Each structure stands twice: as structure tokens, then as C-alpha cells.
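Peer 1: Kindly return the folded structure for what I paste below:
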Amino acid sequence: MIRILKSGIQTTIQGNRRNGFLSLGFPSSGPMDSLSMMGANFLTGNKPFDASLEMYIQGPVIEFEENLSIAICGADMKPDLNGKSIAQNELINISKGDILSFKPSKNGLITYLAFGGQIELPGYLNSTSTYLPASLGGFHGRSLKKGDILTLKIVRNPLKQNLPNFFKFIQPNKNQIRVLHGPEYPLFKEADKELFFSNRYQISNDSNRMGIRLDSDRQLNMDESDIVSSAIIPGTIQIPKDGKPIVMMFDHQTTGGYA
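Peer 2: Residues are numbered from 1 along each chain as shown. Purely as a prediction, here's the structure:
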């Protein structure tokens, strides 16, 4: 068993994507950083999208009540075990009574913790992933909090192996993002198109798993941004009336009414 002593900023259970249910109003959910999650599961001998802990900015404090193996991949949260630093991107052996904690991430945002065993979860619509807006999936449909206990089944002792570089989190040294024209692109004025592609944006504190909100001192003029609602996929950029772009993430709504 795994006991949560402290919740962290936002720790959820994410696993395989909830594919095939957009028509019913359910987005795919699942990991925000698939490669890091797959890397942690690779080291612990799991399937690529077996349920793992997705941790934002700062992870939880965890007490282990059985011997097992873990792996931590993604943004560097300086993990330590019983007060001593441990490595990420490696298989770590845990003993009963060990306590794992994390510091705030200095680069990147999201880190994954995988276990050498399967978290016992009921699942919802063929997925174990947490969908916070509807309070479903994962652990009672919410973020983990102090006092929660996770039970593992099929605990295994995987062999140590090196993590391929393909799965390692690498902080990019440039802040450029490639953007493709969407179906409503012709609706934008030429001046706003030029401003959007030349503007410098900062991620807003209002961002979450539904969408990344972008702030800037120079806003687009979107007096006529409303459209007939159309389908949304992860990566879609909506421009609401305030002119501040929203980049849709994996908990996005299924349709949207902004260009």
C-alpha cells in the first residue's frame, strides 16, 4: 500500500486515454506528457499507459507500506527518499516504511511516478485516467489528498535497465511553437494574424489540464470571435473575446464556440 502524507500542488492518477467518447461529451484525458509517463512505466516493467501519478509543480509526500520499485520521469522535482536525494530516470528500490518527497520543479511543470505494480482502480469508460471537471476516473475522480491510500496489485520486481533518451524530459532552449492554420483562420483580420505570430506570450496562472491560457500586453481584437460551436482536439487554439489565446489540453471540452 501507498499512503499520501501530503498532497502536493495537484497530483492525479493518469493512465490510458479515454478514446471514443467525444460524442458523449468525454475528452480523452490521460497524461499531459506521454513520453515521460511511458518512460517511468518502461523502467518499472509496466505497459506504456498503465496508471501512474501525474504531479504538477511539486509532488506529494508518500509513505510506502510494502517493498517495491518505483521510477520518476519528467520535470526535475529533486526527489528524495528518507531525506537523501535520489535520481530520476532510474529504477529505485523501495523498502517498507520509506518516505518519498519532492521539491518544487525548477524546469518544466509535470513529473510522473510509476510503481512496479498496478494501482487497483475501478476505471471509467475503459480508462483509469482522472477527469477533474466531471469528477470521474482515477481515485474518486479527484486529486490525491492527505490520508489517501493506494493499493497495488500484481507487485513485481523489474530488472534494472537504462532509460532510452527518447523518453527523457529535455527542456527546450527556445520558446517557439509551430502553429497550423485552423478552419476559422480566414475570419481573423490581417493585423491580428500578424500580431498573433509576432507576439510574445506568457503562460497564465489560470491554466490547467483543460487549457493553457496565454497572456500578453498586446491583445488581439476579437469583437466577433463567436462562431457556431465546432469540434475541438488537443492543441486547438481558441481566441475568445478578450483576445487572450487558449491552447486546448487533454481535458478540453468537446466543442467550442470561439474562432
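Peer 1: Any figure for the gap between residue 115 and residue 8?
Peer 2: As judged by Cβ to Cβ, to the nearest Å, residue 115 and residue 8 stand 16 Å apart. Glycine gets a C-beta too; all of them are placed from N, C-alpha and C.
Peer 1: Now residue 165: phi and psi?
Peer 2: Main-chain dihedrals, residue 165, degrees, to the nearest 10: phi -60, psi -30.
Peer 1: Make 670 the first number, not 1, from now on.
Peer 2: New numbering, starting at 670: the last item is residue 834.
Peer 1: Relative to residue 694, how far out is it?
Peer 2: For residue 834, the distance to residue 694 (Cβ to Cβ) stands at 39 Å.
Peer 1: likewise residue 701?
Peer 2: 20 Å.
Peer 1: out of these two, which sits in the busier spot?
Peer 2: residue 701 (20 against 10; other Cβ atoms under 10 Å).
Peer 1: which one is the more buried one nearest to, not counting chain neighbours?
Peer 2: Using Cβ to Cβ, 6 or more residues apart in numbering and skipping residues adjacent in sequence, the residue nearest residue 701 is residue 779, 5.4 Å away.
Peer 1: ditto for residue 673
Peer 2: Once flanking residues are discounted, residue 673 sits nearest to residue 817: 4.3 Å by Cβ to Cβ, 6+ apart.
Peer 1: The residue nearest to residue 701 and residue 743 touch, don't they?
Peer 2: Yes - counting by Cβ atoms under 8 Å, residue 779 does reach residue 743; the two are 5.4 Å apart.
Peer 1: what do those two both touch?
Peer 2: Residues touching both residue 779 and residue 743 (Cβ atoms under 8 Å, 6 or more residues apart in numbering): 702, 705, 724.
Peer 1: is it true that the second one touches residue 782?
Peer 2: Think residue 705. No - Residue 705 is beyond contact range of residue 782, at 10.4 Å (criterion: Cβ under 8 Å).
Peer 1: other SSEs contacting the helix or strand residue 882 falls within?
Peer 2: Element membership of residue 882, judged by DSSP states H and E, is strand 880-884. If contacts are counted by 3 or more Cβ pairs under 8 Å, 6 or more residues apart in numbering; DSSP states H and E, strand 880-884 sits against strand 871-872, strand 915-917.
Peer 1: Need the contact partners of it.
Peer 2: Outside strand 880-884, the residues within contact range by Cβ under 8 Å, 6+ apart are 870-873, 875-876, 907, 913-918, 921.
Peer 1: and which of those residues is nearest residue 735?
Peer 2: residue 918 (34.1 Å; Cβ to Cβ).
Peer 1: Now the closest one: phi and psi?
Peer 2: phi -110, psi -160.
Peer 1: Kindly report the same for residue 863.
Peer 2: Torsion angles, degrees, to the nearest 10, at residue 863: phi -60, psi -40.
Peer 1: same check, this time on the one 5 residues further on
Peer 2: Note on residue 868: backbone dihedrals following degrees, to the nearest 10 are phi -70, psi 160.
Peer 1: can you pull out the helices in this protein?
Peer 2: For the chain, helices defined by DSSP state H occupy the ranges 703-712, 859-867.
Peer 1: now the ones you listed as a markdown table including distance to residue 898?
Peer 2: Output for those, formatted as a markdown table (distance: least, Cβ to Cβ, whole Å):
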| stretch | distance to residue 898 |
| --- | --- |
| helix 703-712 | 28 |
| helix 859-867 | 21 |
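Peer 1: most tightly surrounded among the ones you listed?
Peer 2: helix 703-712 (a mean of 24; mean count of other Cβ atoms under 10 Å).
Peer 1: what's next to it, contact-wise?
Peer 2: By Cβ under 8 Å, 6+ apart, helix 703-712 touches 683, 700, 716-719, 721, 723, 740-744, 758-760, 779-783, 827, 830, 832-833, 835-838.
Peer 1: repeat for stretch 904-917
Peer 2: If you take Cβ under 8 Å, 6+ apart as the criterion, stretch 904-917 is touched by 848, 851, 857, 865, 870, 873, 879-885, 888-892, 894-895, 901-903, 921, 925, 927-928.
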